[in-house]
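J.: Give the three-dimensional model of this entry:
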Amino acid sequence: MDADASRLLRRLLDERPTAALATLHQGEPAASMVPFVLPPGETGLLVLVSGLSPHTRDMQAHPRVGLLVTAETPGPWPPHALPRVALDATAHALARGTPAWERAQAQYLARFADMAQLFTLGDFQLLVLQPQAARLVAGFGRAFALVGQPLDDWLRQAAAA
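T.: Just a heads-up that it's a prediction; the model follows:
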C-alpha cells in the first residue's frame, strides 16, 4: 500500500465519528451504528454501548464482529470506489473501575465529551474491539488486506504520518 492510500484510510479512523457494526443476532446478521475511538498509538477501538442494546448482547454471546468505516459522501469518488476500512474484530468488555477502564473512559471522552452522562448510567459498558484482520479500499482497484503485525503497525500510525 502506498503512503497516500495509507494516510487516506488511516485518517478515516481518526476523523469519522461512527462506524457500522455487524454482529450475529440470534443466528442472523445484524447491523447497527456505533461511535468509536481509536486511541493514539493503540490498536483496539473503543465503543461505549448500552446493555439494553441488542448489539451489546450479541457481542457478549458472539464476540467476533465486523466494523465498517467509510469516507463521507458525496466525495470525489463513485459509490463503488468509496474509501473504506472494514475490520474483523473481537470484542471484549473492560471492567468498570479498573485502570484500563479509567484510561479508556478518558480517551473516549476526549473525542465525545457530550457523552459523559452515559458513563454515569450502570447499563453502559466500554468495549474494546480488537482487530484481527482488515480490508482496506482506497478507491477502485486499490484494495489491501492486513493481518497480524502489519495491521497493528498500521493501526498505531498517526493519520498525518
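J.: For the strand or helix carrying E102, buried residues please.
T.: E102 is located in helix 99-111, with elements delineated by DSSP states H and E. Neighbour-count burial for helix 99-111 flags W101, A104, Q105, Q107, Y108, L109 (criterion: 16 or more other CB atoms under 10 Å). C-betas here are computed from N, CA, C, even on glycine.
J.: Test my guess that M59 contacts T90.
T.: No: using CB atoms under 8 Å, M59 and T90 do not qualify as a contacting pair, with a distance of 9.3 Å.
J.: any chance you could map the strands in this protein?
T.: Along the chain, the segments classed as strands by DSSP state E run 18-25, 28-35, 45-50, 64-70, 84-93, 124-137, 143-147.
J.: Just put those in JSON lines and tack on distance to Q117, mean pLDDT and mean neighbour count.
T.: Output for the strands of the chain, formatted as JSON lines (distance: least, CB to CB, whole Å; pLDDT from 0 to 100; neighbours: other CB atoms under 10 Å):
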{"stretch": "strand 18-25", "distance to Q117": "19", "mean pLDDT": "94", "mean neighbour count": "19"}
{"stretch": "strand 28-35", "distance to Q117": "14", "mean pLDDT": "93", "mean neighbour count": "13"}
{"stretch": "strand 45-50", "distance to Q117": "11", "mean pLDDT": "93", "mean neighbour count": "21"}
{"stretch": "strand 64-70", "distance to Q117": "25", "mean pLDDT": "95", "mean neighbour count": "18"}
{"stretch": "strand 84-93", "distance to Q117": "20", "mean pLDDT": "95", "mean neighbour count": "20"}
{"stretch": "strand 124-137", "distance to Q117": "10", "mean pLDDT": "94", "mean neighbour count": "19"}
{"stretch": "strand 143-147", "distance to Q117": "36", "mean pLDDT": "92", "mean neighbour count": "15"}
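J.: and the gap between H80 and L68?
T.: Separation of H80 from L68 (CB to CB, to the nearest Å) stands at 15 Å.
J.: cool, and F112?
T.: Note on F112: its distance to L68, by CB to CB, is 19 Å.
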